[in-house]
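Undergrad: Below are the sequence and a predicted model; questions follow.
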Amino acid sequence: MMKRIWHVAWREFVSTVATKAFVIGVLVFPAIISLMIVVIPMVINAKPPAVQGEVAVIDHTGVVFDAVKEGLTPDAFLARQEKIRKAVDELTPDSVKVAASASGQNVGDKAVEAIAGDVPNLEIVRLGEGADITVEKKKLAPPEGQEATRLALLVIAKDAVDKSGETFGSYQFYKAQLDDRIAEAIEDAVEDAIIDARIGHLGMNPDDVRQLTRVRGAETFTVTEEGIQKTNKVLDELLPAAFMALLLMSVMTGGQYLMTTTIEEKSSRVVEVILSAVSPLELMTGKILGQMAVGFLLLAIYAGMGIAALVSFSLLGLVDLTLFIYLGIFYVIAYFVIASLMAAIGAAVNELREAQSLMTPVMLIVMLPWMLWFWIAREPDSMFATIASFVPPINTFVMMLRMSSSAPPPLWQVWVSIGIGILSVWAALWFAAKVFRIGLLMHGKPPDFKTLIQWVRMA
């Protein structure tokens, strides 16, 4: 019996992975990711275009213009770039800085180049308080054939510094076709100038107030039973999504191949020939094991790519390697549950189109953790996340999310979830075996869920 099962499994595995479609499918996803990460930034210039032109200011307060002009000088833009560089350096893990330095790059310089670009050359012009705003706005979009030299028009409200009534006034910003990053820099300069003028109006020194209100970002650490380790916020948010994607992709790929091959063999009557040599149970078991190997191959390839990426950026030490062991365990459990349902659906229908109505509830259940991964990863100890990690068939996905989050669950919860998963595997295999046995040789009207339950009772 085992020999026949392994023969079916090997045939299922080889007939899937030896096709051009599978090889191309495996290579296309990494190629697209590589293209997005490496090639696209080289082709698309992320730097803001070099900007040169006039910024007109109508200052109804009489005290803001000089500060606005000072905030839009080349030196002010250089100071703003240096601030970005320091902020990026503080947020970037030391391991990434070392890896970037080894390749002759600086993370902060790259960020400044992408975010700020070249220093603009702006001419700040003061207009009289009686200037006609309608006329001045038209200079932002001159008639066709005339060159636009004015980039923006700023109108500072009279009560922007000295509040009238209960609130302060603000300013109006009219701009031409201007890069958003340059527009944001102008807005920042105007807002800083207004704030400094308000502080000065109250008799305080703006520089002193700015120093008092500036707080350097905290250096965050996570305290665990193993000790204290530095926390990387970006990695803490992306890691659960990465493990979730690996698990979901490998499980659904193997399950989809299993259902498709089952439907093809049934619709072409090939299954009738196969059943002359093996029993329905042997056929189902072999097909499930064969496609499990296909999914595991995909899991190994993409997990290996992820580990290689972590090693290349010297980030492997920030990831608990036992997560990959649990990833394999949860893959086996999740795959058997989903694949059993897929095999049952494939045996029950005659065409792939007929399977869609039966597949929809299964897909919705499986995709639920993916739709909620952000909230589960942010609050892995919440009541919802804890309960969901014990509810099959989503328990394996939710538990993988919780384990790869910044606050992993207690070990007893992990093994209880694994135990529940094993029981759900037994139940899914029992259900699939009943349906597979009856549905494989039945043709005609496709069944609904009520009919499938009747088949289970009959078998």
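TA: Cool, the structure landed.
Undergrad: what residue ranges in the protein score low on pLDDT?
TA: Residues of the chain meeting the criterion pLDDT under 70: 1, 33-50, 87-118, 145-147, 165-167, 217-235, 312-318, 459.
Undergrad: In contact with A428, which residues?
TA: By CB atoms under 8 Å, 6 or more residues apart in numbering, the contact set of A428 is 336-337, 340-341, 393. Placement of C-beta: from N, CA and C, glycine included.
Undergrad: Columns neighbour count and secondary structure on top of those residues, output as TSV?
TA: TSV is the format used below for the contacts of A428 (neighbours: other CB atoms under 10 Å; DSSP: H, G, I helix; E, B strand; the rest coil):
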residue	neighbour count	secondary structure
F336	24	helix
V337	27	helix
S340	27	helix
L341	24	helix
P393	24	coil
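Undergrad: In TSV, list these along with distance to A433.
TA: What follows is these, written out as TSV (distance: CB to CB, whole Å):
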residue	distance to A433
F336	12
V337	14
S340	8
L341	12
P393	17
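Undergrad: neighbours around K83, how many?
TA: Other residues near K83 number 12, with proximity taken as other CB atoms under 10 Å.
Undergrad: can you check G419 too?
TA: Counted with other CB under 10 Å, G419 comes out at 12.
Undergrad: Who are the contact partners of the spatially most distant residue from the centre of the chain?
TA: For the chain, the residue at maximal distance from the C-alpha centroid (CA atoms, centre = their mean) is G130, at 51.6 Å. Going by CB under 8 Å, 6+ apart, G130 touches no other residue.
Undergrad: Then E272?
TA: L441.
Undergrad: Ends of stretch 144-154, what's the gap?
TA: End-to-end distance of stretch 144-154 (CA to CA, to the nearest Å): 24 Å.
Undergrad: circling back: the residue farthest from the centre of the chain: what secondary structure?
TA: Put simply, G130 is coil when judged by DSSP: H, G, I helix; E, B strand; the rest coil.
Undergrad: Show me what counts as buried in stretch 347-366.
TA: 347-350, 354-355, 358-359, 362, 366 (16 or more other CB atoms under 10 Å).
Undergrad: which of the residues you listed sit farthest apart?
TA: N350 and V366 (24.0 Å; CB to CB).
Undergrad: Throw the buried residues of stretch 347-366 into TSV and include distance to A9 and secondary structure, thanks.
TA: Compiled in TSV, the buried residues of stretch 347-366 are given as follows (distance: CB to CB, whole Å; DSSP: H, G, I helix; E, B strand; the rest coil):
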residue	distance to A9	secondary structure
A347	17	helix
A348	22	helix
V349	23	coil
N350	25	coil
E354	26	helix
A355	22	helix
L358	25	helix
M359	24	helix
V362	23	helix
V366	23	helix
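Undergrad: Reformat these as a markdown table; add distance to G295.
TA: A markdown table is the format used below for those (distance: CB to CB, whole Å):
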| residue | distance to G295 |
| --- | --- |
| A347 | 19 |
| A348 | 22 |
| V349 | 22 |
| N350 | 25 |
| E354 | 24 |
| A355 | 19 |
| L358 | 21 |
| M359 | 17 |
| V362 | 16 |
| V366 | 14 |
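Undergrad: Now flag whichever of these is closest to G444.
TA: Nearest member of these to G444, counting by CB to CB, is N350, at 7.6 Å.
Undergrad: now the closest one: how far from D192?
TA: Per CB to CB, to the nearest Å, N350 is found 70 Å from D192.
Undergrad: List the residues that contact the nearest residue to A355 once chain neighbours are set aside.
TA: Take A355 and drop its neighbours on the chain: the residue closest to it by CB to CB, 6 or more residues apart in numbering is V349, 4.8 Å away. By CB under 8 Å, 6+ apart, the residues touching V349 are 263, 355, 358, 439, 446-447.
Undergrad: my read: V68 touches E191, true?
TA: No - when contacts are counted by CB atoms under 8 Å, V68 is not listed as touching E191 (9.8 Å).
Undergrad: what comes up buried for the lengthiest helix in the chain?
TA: If you go by DSSP state H, the chain has its longest helix at helix 233-267. Residues of helix 233-267 classed as buried: 236, 239-240, 242-244, 246-248, 250-263, 265-266 (neighbour count, 16+ other CB under 10 Å).
Undergrad: contacting residues around the helix or strand hosting V456?
TA: Per DSSP states H and E, V456 falls inside helix 449-458. Residues outside helix 449-458 that contact it (CB under 8 Å, 6+ apart): 344, 348, 358, 361, 431, 434-435, 438-439, 447.
Undergrad: Quick one: distance of that helix to the chain centre.
TA: Using CA atoms, centre = their mean, to the nearest Å, the mean C-alpha position of helix 449-458 is found 40 Å from that of the whole chain.
Undergrad: P380: which of the buried residues of stretch 347-366 is nearest?
TA: Closest approach between the buried residues of stretch 347-366 and P380, by CB to CB: V366, at 19.7 Å.
Undergrad: ok, now which ones touch the closest one?
TA: Contacts of V366 by CB under 8 Å, 6+ apart are 248, 251-252, 338, 393-394, 397.
Undergrad: how far away is it from V435?
TA: On the measure of CB to CB, V366 and V435 end up 19 Å apart.
Undergrad: wouldn't K69 be in contact with I124 here?
TA: Yes - using CB under 8 Å, K69 is in contact with I124, at 4.3 Å.
Undergrad: So for those two, which residues contact both of them?
TA: With contacts taken as CB under 8 Å, 6+ apart, the residues that reach both K69 and I124 are V57.
Undergrad: A303 sits in which helix or strand?
TA: Counting by DSSP H and E, A303 is part of helix 280-312.
Undergrad: one step back: L212: which of the buried residues of stretch 347-366 is nearest?
TA: Using CB to CB, these come closest to L212 at V366, 53.0 Å.
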